[in-house]
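1. Just a sequence and a predicted model for now, questions to come.
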Amino acid sequence: MVGFSAMNLALGRGKLYLRHVRIIKAKMKVKTQSKKVNKAWLNDHVNDPYVILAKREGYRARAAYKLKEIDETFQLIKPGHVVVDLGSSPGAWSQYVRRKLSPKTAVGGGAAVGELNGSIIAIDLLPMEPIEGVVFFQGDFCEQGMLDKLAQELGGRLADVVVSDMAPNLSGIHSADAARVEGLVELAVDFCQSHLKPQGALVVKLFHGGAYDPLVKLFKQSFHTVKPMKPKASRDKSTETFLVGLGLKSVAKAQQ
Ligand SMILES: C[S@@+](CC[C@H](N)C(=O)[O-])C[C@H]1O[C@@H](n2cnc3c(N)ncnc32)[C@H](O)[C@@H]1O
């Protein structure tokens, strides 16, 4: 015969088990009243290992791991470097670069604080929460005024690495979206021709389809080495990919 306390224990365990199931289910399913929110996307997002990792490591976005993988593959960002971050908000790439340029391993998560061995200049249309030591400009990279501000901040220095995660708000009209992506990447290449060291690197985000082939061609005309890369943190479903250009073919104008 099962004793009273053993029965209680079994019931208790049963309750505990049910509670666990509820927690696990709650983890896997996101409840939302809004019909506008894509529930499948939201469920994928909260269970995404990079979202979980970003939360744990204090990064503002999972995007940090895309740059991390690109950087670790090509050994781009080194102590003392001048790095320009185009399309920087909410700031995960800048946080990652800040960490790489910190002499001591950062305590806690996200961006490091304290000594910064190098410079980081960031720009975005949207505001960005400050990151210690990162110079941020809010504005449109396509406007001459913003290009002048970036040049002024560089103060005649040439960047070692320019990274661009810039993405326009997609309209859904394929040809128009492709043209806007193409325009942003062309501008980033143009910026490098004036402000990147001859041995420097440019990383840009672009999308398969539309403007991909002409942009690879432009990169090949502009850089000695061109490598496409789809980091693991970039979702399989997304046509997003990255191009890395190493070593400018023509010397940056700011140096002439
Ligand atoms: C995918 S997000 C960047 C995420 C960022 N790399 C991070 O790690 O947090 C793309 C950003 O590009 C910015 N953007 C798009 N067009 C831009 C432009 N013309 N000038 C400046 N920023 C732009 C958007 O405002 C958006 O914040």
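-> Noted; the coordinates are in hand.

2. Please report how far Leu126 lies from Lys227.
-> Leu126 sits 29 Å away from Lys227, taking Cβ to Cβ, to the nearest Å as the criterion. C-betas here are computed from N, CA, C, even on glycine.

3. which one of the two has more residues nearby?
-> Lys227 (16 against 9; other Cβ atoms under 10 Å).

4. from what I can see that one touches Thr241, true?
-> No - contact criterion Cβ atoms under 8 Å: Lys227 and Thr241 do not qualify, at 11.0 Å.

5. Spatially nearest residue to Leu154 (excluding sequence neighbours)?
-> Distances taken as Cβ to Cβ, 6 or more residues apart in numbering place His195 nearest to Leu154, at 5.9 Å, with adjacent residues excluded.

6. Count the neighbours of the one you found for me.
-> When neighbours are defined as other Cβ under 10 Å, His195 has 24 of them.

7. same question, Arg180
-> Using other Cβ under 10 Å, the number of residues around Arg180 comes to 20.

8. Buried residues in the helix or strand harbouring it, which are they?
-> According to DSSP states H and E, Arg180 maps onto helix 174-195. Neighbour counts using 16 or more other Cβ atoms under 10 Å place 177-178, 180-182, 184-189, 191-195 of helix 174-195 among the buried residues.

9. all strands of the protein, in order?
-> Assigned strands in the chain, in chain order: 82-86, 119-124, 134-138, 159-164, 196-207, 223-229, 240-248 (criterion: DSSP state E).

10. mind listing what Met128 touches?
-> Met128 is in contact with Ser88, Ser89, Pro90, Gly91, Ser94, Ala122, Phe136, Gln138, counting by Cβ atoms under 8 Å, 6 or more residues apart in numbering.

11. Keep those residues, but drop any that are not near the ligand.
-> Checking the contacts of Met128 against the ligand by Cβ under 6 Å from any ligand atom, the ones in range are Ser88, Ser89, Pro90, Gly91.

12. which one of these sits closest to Gly247?
-> Ser88 (24.3 Å; Cβ to Cβ).

13. Identify the residue nearest the closest one in space, chain neighbours excluded?
-> Ala122 (3.6 Å).

14. returning to that earlier point: can I get the contacts of Met128 in JSON lines with pLDDT?
-> Formatted as JSON lines, the contacts of Met128 follow (pLDDT from 0 to 100):
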{"residue": "Ser88", "pLDDT": "98"}
{"residue": "Ser89", "pLDDT": "98"}
{"residue": "Pro90", "pLDDT": "98"}
{"residue": "Gly91", "pLDDT": "98"}
{"residue": "Ser94", "pLDDT": "98"}
{"residue": "Ala122", "pLDDT": "98"}
{"residue": "Phe136", "pLDDT": "98"}
{"residue": "Gln138", "pLDDT": "98"}
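
15. Narrow those to those that are buried.
-> Buried members of the contacts of Met128, counted by 16+ other Cβ under 10 Å: Ser88, Ser89, Pro90, Gly91, Ser94, Ala122, Phe136.

16. my read: the fourth one touches Ile131, true?
-> Yes - Gly91 is within contact range of Ile131, at 5.6 Å (criterion: Cβ under 8 Å).

17. and for these two, which residues touch both?
-> Joint contacts of Gly91 and Ile131 (Cβ under 8 Å, 6+ apart) are Ala111, Ala122.

18. and stretch 161-176 with the ligand, contact?
-> Yes - applying Cβ under 6 Å from any ligand atom, one finds stretch 161-176 touching the ligand at Asp165, Met166, Ala167, Pro168.
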